[in-house]
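J.: Here's a sequence, model it:
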Amino acid sequence: MRGGGGGGGRPGGRRRVANGRRATRGASRRELTAGPGSPAAGPAPAAAAEPTRGAHRPPRRRRRVAADASALRPRRPGAADAAHDRADAAPRTYLLLGLGGCSLAPSMSAAAAAAAAAAPWLAAPWPAAGAPAPSPRLFLFDVDGTLLATQAAATNRVHKDAFGAAVAAVFGVPGVRVEDVDHSGKTDVWILRLLLARHGVPAAAATPAALAAAQRAMVAFCAARGAELAAGVAVLPGVVALLERLRATGACLGLVTGNLEAIAELKVRAAGLAHFFSVGAFGSDAEDRAELVARARAAAAALGVGAGAPEIATWHAGDTPMDVDAAARAGAAGVAVATGHYTAEALRALPGAHAVVRDFCDAGEMARVFGLREGE
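T.: Next comes the predicted model:
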């Protein structure tokens, strides 16, 4: 995150802090159908940018993104209780500015940036044991379609079914399916809003309390079907080897996903990947993915990543156009991977992508894409 104490700006004044949890207390309420980053229809497209090439060149800086100090709150420990604690928090509204302004969110103080921290279940030590030295690099990964497979009918089915169950339980509308709306790359709360609008639920009914109850219902649905959810989790080829390699360089690894945090935890733990990651930002933290990238960067800065360096060089890998757009708007290098619903050809047509890969299997290509030096 750029700005006082955040990751993308100057690192002065950073300090290590205890793990904590954030709560969003935004300043304005949007219409039910409005997506983040725009008053009407989701994030604005990123401006065209030339891909950055060369293994030794850091990602190009694009936009400055900061997060509001009021958007952070202490985290409470515990995996099973995390979602209930979050949903019981103060009502959430979101202030997400479009690209007509200079930033995506209000400014953030140095103290608030230092207070950003990793989710308690993301406890991978940074730097990794045996790493040559701490590195001012941050590698962020989406979950569905990037780390975990989503193409087969059974994969991710529990999470998808949770949307309909939550809408039925909280809003009394049966028969809702996540496939009723275009949900690719969107955050979970945003998807809930779209489903409610699609099925005629008045905007006034989607109060912060009602949306919090829907999030609780989604988490309860997934937690009650833990074995079925775990059976639908499949790690994509090349992922484990890449994560091991990146950790060994002394870099910090994190998650940026539209999943509610507790649901992301269920999936990532079931996949056996949680031990790779030190920071994360989730769909329960904010609806705009660019803000999530900035939050994850601030969490890394709070751990000391980038201390003494001009900035935290940040890469963000994802499988949808929204991942690429979020990376560009947050000043990160967007790596698009064609392991989800989009082909490599479709992803190459996007403006602002640092690189497009078919998967994470080619070690030489991964070194080039993620800026690894010889021997890393």
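J.: Show me the strands in the protein, by range?
T.: In the chain, strands defined by DSSP state E lie at 137-141, 252-256, 279-281, 313-318, 333-337, 353-357, listed in chain order.
J.: Turn those into JSON lines, columns for mean pLDDT, distance to Ala162 and mean neighbour count.
T.: C-beta: built from backbone N, CA, C; applies to glycine. Putting the strands of the chain into JSON lines (pLDDT from 0 to 100; distance: least, Cβ to Cβ, whole Å; neighbours: other Cβ atoms under 10 Å) gives the following:
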{"stretch": "strand 137-141", "mean pLDDT": "98", "distance to Ala162": "22", "mean neighbour count": "28"}
{"stretch": "strand 252-256", "mean pLDDT": "98", "distance to Ala162": "19", "mean neighbour count": "30"}
{"stretch": "strand 279-281", "mean pLDDT": "97", "distance to Ala162": "20", "mean neighbour count": "29"}
{"stretch": "strand 313-318", "mean pLDDT": "98", "distance to Ala162": "21", "mean neighbour count": "28"}
{"stretch": "strand 333-337", "mean pLDDT": "98", "distance to Ala162": "25", "mean neighbour count": "29"}
{"stretch": "strand 353-357", "mean pLDDT": "96", "distance to Ala162": "30", "mean neighbour count": "23"}
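J.: Of all those strands, which one is nearest Arg177?
T.: Of all these, strand 313-318 sits nearest to Arg177, with 23.7 Å by Cβ to Cβ.
J.: ok, Phe214 - contacts?
T.: Careful, residue 214 is Ala and not Phe. If you count contacts by Cβ atoms under 8 Å, 6 or more residues apart in numbering, Ala214 has them with Ala166, Val167, Ala169, Val170, Phe171, Leu192.
J.: that older thread, make CSV out of the strands of the chain and add distance to Asn156.
T.: CSV is the format used below for these (distance: least, Cβ to Cβ, whole Å):
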stretch, distance to Asn156
strand 137-141, 16
strand 252-256, 16
strand 279-281, 18
strand 313-318, 15
strand 333-337, 16
strand 353-357, 22
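J.: Out of the ones you listed, the one nearest Ala209 is which?
T.: The stretch from these with the least distance to Ala209 (Cβ to Cβ) is strand 279-281; that distance is 23.3 Å.
J.: What strands flank the closest one, and is each parallel or antiparallel?
T.: When sheet partners are counted by DSSP bridges, strand 279-281 sits next to strand 252-256 (parallel).
J.: Measure how the partner strand sits relative to strand 137-141, angle-wise.
T.: With axes from the mean of the first three to the mean of the last three Cα atoms, to 10 degrees as the criterion, the two stretches strand 252-256 and strand 137-141 enclose an angle of 30 degrees.
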